[in-house]
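Visitor: Coordinates for the following, if possible.
(chains A and B)
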Amino acid sequence: DQQVKQNSPSLSVQEGRISILNCDYTNSMFDYFLWYKKYPAEGPTFLISISSIKDKNEDGRFTVFLNKSAKHLSLHIVPSQPGDSAVYFCAASGPDQGAQKLVFGQGTRLTINP
Amino acid sequence: NAGVTQTPKFQVLKTGQSMTLQCAQDMNHNSMYWYRQDPGMGLRLIYYSASEGTTDKGEVPNGYNVSRLNKREFSLRLESAAPSQTSVYFCASRGLADYNEQFFGPGTRLTVL
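Guide: Numbers count the residues shown, from 1 in each chain, chains lettered A, B, ... in the order given. All right, here's what the predicted structure looks like:
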C-alpha cells in the first residue's frame, strides 16, 4: 500500500524552463510534506517543506504547492539549471507521538538538458 | 562538523553471514533512523530511535536488529544476510528543533550473494 506516490519515474526539461514534479498521497492524516534531492552515491538532502496549514511555500527557485482536497503536492523549479539534475523524493509525515517518521515516494529522476 | 557518517561505504556478503552497519551523528540529535533504498521503491523505514534508549520497528524490520548505543550512535545488524537484503542503506537523524527534517548520511551499498 503506497501511501505516497510519484507517478513519473523520470522527467526531462530544457535548461531555463520550469520543472514540475508531482506527488500524490492517500493518508489524510499527513500534515507535513517535504522534498528531498538526491545525487548519485550521496544521501538525500532536504530541499523544501510545507505544512498542511499552508498551500504554498517558496524558497528561491523552488516552490512547493499543496492541494489538500486533491491530496496532491507539486514542486516547481524556475528556472531549471543543469545542477538540478538529480532524483527528487517527496515525503510525508503525520502525528506519531514525536517519532516524526517519514513516508517516501518512489522518486522522480529529473534531467535538465542544456 | 561531519553531520551523519556511515561505515562501511560498500560491503559484499555471502548468504548467511552477519554484519553491522555503523552510523554516527555529531549534531546532538535526539532521533535516528535506518532506511533502505531499492529501485522503484523509494526509501523505506527499517527501524528508528525517537530518543536515546528507545527503538521501534518501521515499515520493513524483518531480518534486522538495531542498537542505540548512545545519543550519537545507531547501528543496524543483519544476523543472517539474504539476497533480498541487497540494497543501499541510509542512516538519518533529526533534532528536536528540526520539524520533520531529517539529515541523511552518504549510505552503505550492500550486496548479498
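Visitor: interface residues of chain B facing chain A?
Guide: Selection of chain B residues close to chain A by Cβ under 8 Å from any Cβ of the partner chain yields B:4, B:31, B:33, B:35, B:40-45, B:48, B:50, B:56, B:58-59, B:90, B:92, B:94, B:99-107. Backbone N, C-alpha and C define where each C-beta goes, glycine included.
Visitor: The closest residue to chain B within chain A and B:Phe103: what is the separation?
Guide: Among all residues of chain A, A:Gly43 sits closest to chain B, at 3.4 Å; criterion: Cβ to the nearest Cβ. With distances defined as Cβ to Cβ, to the nearest Å, the gap from A:Gly43 to B:Phe103 amounts to 8 Å.
Visitor: For chain B, which segments count as strands?
Guide: Counting by DSSP state E, chain B forms strands over residues B:4-7, B:10-13, B:19-25, B:31-38, B:42-49, B:56-57, B:64-68, B:74-78, B:87-94, B:103-104, B:108-112, given from the N-terminal end onward.
Visitor: got it, and chain A?
Guide: Counting by DSSP E, the segments of chain A that form strands are A:4-5, A:10-14, A:19-25, A:32-38, A:45-51, A:56-59, A:62-67, A:72-77, A:86-93, A:103-104, A:108-113.
Visitor: Show me what the longest one packs onto, helices and strands only.
Guide: Packing partners of strand A:86-93 (3 or more Cβ pairs under 8 Å, 6 or more residues apart in numbering or on different chains; DSSP states H and E): strand A:4-5, strand A:19-25, strand A:32-38, strand A:72-77, strand A:103-104, strand A:108-113, strand B:42-49.
Visitor: So which residues make contact with the second one?
Guide: Here strand A:19-25 makes contact (Cβ atoms under 8 Å, 6 or more residues apart in numbering or on different chains) with A:3-8, A:11, A:13, A:33, A:35, A:70-78, A:80, A:84, A:88, A:90, A:92, A:105, A:108, A:110, A:112.
Visitor: And the last one, by the same measure?
Guide: The contact list for strand B:42-49 (Cβ under 8 Å, 6+ apart) reads A:4, A:6, A:44, A:89, A:91, A:99, A:101-107, B:31-38, B:55-61, B:64-66, B:68, B:74, B:76, B:89-90.
Visitor: residues from chain A in reach of chain B?
Guide: Of all the residues in chain A, those lying near chain B are A:4, A:6, A:9, A:32, A:34, A:36, A:41-46, A:49, A:89, A:91, A:93, A:97-107, going by Cβ under 8 Å from any Cβ.
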